[in-house]
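**Q** Sharing a model that was predicted from the sequence below.
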Amino acid sequence: MTEESKPQRYASWTAGKLPLPELAEMKRRGEKIVMVTAYDAPSGRLADVAGVDLILVGDSSGMVVHGRESTVPVTLDEIVFMTQWVSRGAKRPIVIADMPFGSYEESDEQAIRNAVRLVKEGGADAVKLERGGTSVARARAIVGAGIPVMGHVGLTPQTATVLGGFKAQGRTAERARQLVEDALALEAAGCFSIVLEAVPPAVAQAATRALTVPTIGIGAGKDTDGQVLVWHDMLGFYEGRAPRFVKRYAELGDAIVEALEQYAEEVRSGAFPEDRHTYGMPEEEQAAFEAPPQ
């Protein structure tokens, strides 16, 4: 994106953090919201430079970074650390930290305590939790403590086993209505935005129209107020099976392997390092260093 082609709002926000209320204004104006995941400072900085609006420090890290089979084992400490890294790299985007499984289910007090950690220690601007039901009360409690909350309904990876696996949700009329009701309940609890994951476009459209807060879709069609993709999925360096809703915008995994193969070949052949990759010393000092001892 050239300087001339950047949206005016991006040019005006580069001096500071994107204001949270601006998201509702973007929904009102019909401007799409761009969200990606990130897990370290370089990724946060690159997303910032690209003009991304929201960065999620997701528990998806468990699968795409930590090599686990699911998001469930991810700990609060791990999210705190990664949020610290991302918030150091990303200055303009709103940084949202996932509340991992087990960090908010027990009680409102537990939810508030751990959300405070993500903001105070991690540097997050907001937190995200999954599901409706009891999560509505948790969201209300966290918002009441002064911390912005993003909701998440549809396919909720932390409870994928209960949902029958990583499958699309809201595919019956009853489940679709329940999904929209959960989203409305989260909005009523004070959530500033709702993620809709792996739901039919008609359901996502209905939820988006029913809500006054923005919806962020992932596998939910084009009628949501914004979209989110996982960093490693969209950039092509996650070996696992990517969901059908992923579009790969680059194949960085291939590029990284090619670079490493070339590096290994040059090291083994002696082609690297060259003289330009080394440091010199004054000739007289080198002569003195190499002179035999007296």
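**A** Yep, it's here. Nothing here was measured: the structure is a model prediction, and the numbers come from that model. Residues are numbered from 1 along each chain as shown.
**Q** Which of the residues in the helix or strand where Glu187 lies are classified as buried?
**A** Per DSSP states H and E: Glu187 is located in helix 173-188. By neighbour count with 16 or more other C-beta atoms under 10 Å, helix 173-188 contains the buried residues Ala176, Gln178, Leu179, Val180, Asp182, Ala183, Leu184, Ala185, Leu186, Glu187. To be clear about C-beta, it is placed using only N, CA and C from the backbone, and glycine gets the same treatment.
**Q** For these, give me CSV that also has distance to Glu265 and pLDDT.
**A** Converted to CSV, those look like this (distance: C-beta to C-beta, whole Å; pLDDT from 0 to 100):
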residue, distance to Glu265, pLDDT
Ala176, 55, 95
Gln178, 57, 95
Leu179, 53, 95
Val180, 56, 96
Asp182, 54, 96
Ala183, 53, 97
Leu184, 59, 97
Ala185, 58, 97
Leu186, 53, 97
Glu187, 56, 98
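**Q** any idea which of these is the one closest to Ala137?
**A** Distance to Ala137 across these (C-beta to C-beta) is lowest for Ala185, with 9.7 Å.
**Q** mind listing the helices for the chain?
**A** Taking DSSP state H, the helices of the chain run over residues 8-13, 21-29, 41-49, 61-64, 76-89, 108-120, 134-144, 173-188, 201-210, 231-235, 252-269, 283-290.
**Q** Need the ones you listed in a markdown table (columns: distance to Gly102).
**A** Output for those, formatted as a markdown table (distance: least, C-beta to C-beta, whole Å):
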| stretch | distance to Gly102 |
| --- | --- |
| helix 8-13 | 35 |
| helix 21-29 | 28 |
| helix 41-49 | 25 |
| helix 61-64 | 13 |
| helix 76-89 | 8 |
| helix 108-120 | 9 |
| helix 134-144 | 12 |
| helix 173-188 | 20 |
| helix 201-210 | 27 |
| helix 231-235 | 24 |
| helix 252-269 | 31 |
| helix 283-290 | 60 |
